[in-house]
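**Q** Fold the following and give me the result.
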Amino acid sequence: MTYCVGLLLNDGIVMLSDSRTNAGVDSIATFGKMHVWEKPGERALVLATAGNLSLSQSVVALLREGFAAEDGKAHDLMQATSMFEAAGIVGAAIREVGRRDGEGLKQQGVEPNLSMLLGGQIAGRPHELYMLYYAGNFIRATADTPFLQIGEIKYGKPILDRVIQPDTPLVQAAKCALVSMDSTLRSNISVGLPLDLVILPKDTQRISLRKRITEQDPYFSSIRGLWGEGLRKVFATIPDPDWSL
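**A** Below you'll find the model as predicted:
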């Protein structure tokens, strides 16, 4: 399994993913799940993947090479004129891979499972964040719902609900995403380091930060310690219930 989160903010986009892939407790591996298409000043697109690894790798390969779907139309992320069109291209690639491989997986007793986050900006158009499903359909993040998650979402959602607003600064949003990831790492062994973090400021069409975070990263290590200690301190300040037992 995995955990990926994307944050749509007034100042830009933050995306974070883990890199653990497992097919059981004795088959664990590391695969990057963050993929970037960038032509600085023109476009910067970031795709994070969760679900069946073979399906997600096939989708990314189609998007890298360009492809023609069943309708014969050529699709190329580097030619998309808007993020909505880019999301449609990713959806078409998902459907194409599902058409090729989905039935074969089902015959082997494997239920196809795939979801993706696509964030970015194309020059002259707004920055946007989408979540795509196995059917190739998608939803868009809004000011009312400024973050989207895929994979093991439940452990990291509470901190996002309490902190993330559209006007949250990019650096603080990245900090919140890392706390959200730490909560997930502590509660689910199917999510694991290293992590991939991307920050895309608004109207630059350029990724300002692309960072791989390992066990040795001093800042993430400090977050893990300080967050746990802070929670314990806050818990201790809450009065005990006045109940007779």
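**Q** Contact partners for the residue nearest to residue 209 when sequence neighbours are not counted?
**A** Excluding its sequence neighbours, the residue lying closest to residue 209 (C-beta to C-beta, 6 or more residues apart in numbering) is residue 199, at 4.1 Å. Bear in mind the C-beta positions are built from the backbone N, C-alpha and C, glycine included. With contact taken as C-beta atoms under 8 Å, 6 or more residues apart in numbering, residue 199 is in contact with 12, 13, 14, 170, 174, 207, 208, 209, 210.
**Q** Show me the shaky parts of this protein.
**A** 22-28 (pLDDT under 70).
**Q** measure residue 59 to residue 44 for me?
**A** As judged by C-beta to C-beta, to the nearest Å, residue 59 and residue 44 stand 19 Å apart.
**Q** So in the chain, which helix runs the longest?
**A** helix 218-237 (DSSP state H).
**Q** Which secondary structure elements does that one sit against?
**A** helix 170-187 (3 or more C-beta pairs under 8 Å, 6 or more residues apart in numbering; DSSP states H and E).
**Q** Run the angle between the next helix or strand after the helix it packs on and helix 170-187 for me.
**A** Next helix or strand after helix 170-187 toward the C-terminus (DSSP states H and E): strand 195-201. Per axes from the mean of the first three to the mean of the last three C-alpha atoms, to 10 degrees, the angle that strand 195-201 makes with helix 170-187 is 160 degrees.
**Q** now strand 195-201, how far from the centre of its chain.
**A** The gap between where strand 195-201 is centred and where its chain is centred comes out at 10 Å by C-alpha atoms, centre = their mean, to the nearest Å.
**Q** Give the next helix or strand downstream of it.
**A** Using DSSP H and E, the helix or strand that follows strand 195-201 in sequence is strand 209-213.
**Q** what does that following strand contact?
**A** Strand 209-213 is touched from outside by 36, 174, 178, 193, 194, 195, 196, 197, 198, 199, 220, with contacts defined as C-beta under 8 Å, 6+ apart.
**Q** mind saving the C-alpha coords of it as PDB?
**A** Listed next in PDB are the C-alpha coordinates belonging to strand 209-213 (Å, rounded to 0.1, in the frame of the first residue of the first chain):
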ATOM      1  CA  LEU A 209      11.900  22.000  -4.200                       C
ATOM      2  CA  ARG A 210      12.100  18.300  -5.000                       C
ATOM      3  CA  LYS A 211      13.500  16.300  -2.000                       C
ATOM      4  CA  ARG A 212      13.900  12.700  -1.000                       C
ATOM      5  CA  ILE A 213      13.600  12.300   2.700                       C
END
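**Q** quick one: strands adjacent to that strand?
**A** strand 195-201 (antiparallel) (DSSP bridges).
**Q** Buried ones in the longest helix of the chain, by neighbour count?
**A** 220, 223, 224, 227 (16 or more other C-beta atoms under 10 Å).
**Q** roughly how far apart are the third one and residue 181?
**A** Okay, so that is residue 224. Shown here: residue 224 relative to residue 181, a distance of 10 Å by C-beta to C-beta.
**Q** Quick one: name whatever helix or strand follows the one helix or strand residue 88 maps to.
**A** Per DSSP H and E: residue 88 is located in helix 83-97. Downstream of helix 83-97, the next assigned helix or strand under DSSP H and E is helix 103-107.
**Q** residues in contact with the nearest residue to residue 135 once chain neighbours are set aside?
**A** Nearest residue to residue 135 in three dimensions, chain neighbours excluded: residue 95, at 7.3 Å (C-beta to C-beta, 6+ apart). Taking C-beta under 8 Å, 6+ apart as the criterion, residue 95 is in contact with 69, 70, 135, 136.
**Q** No further questions, thank you.
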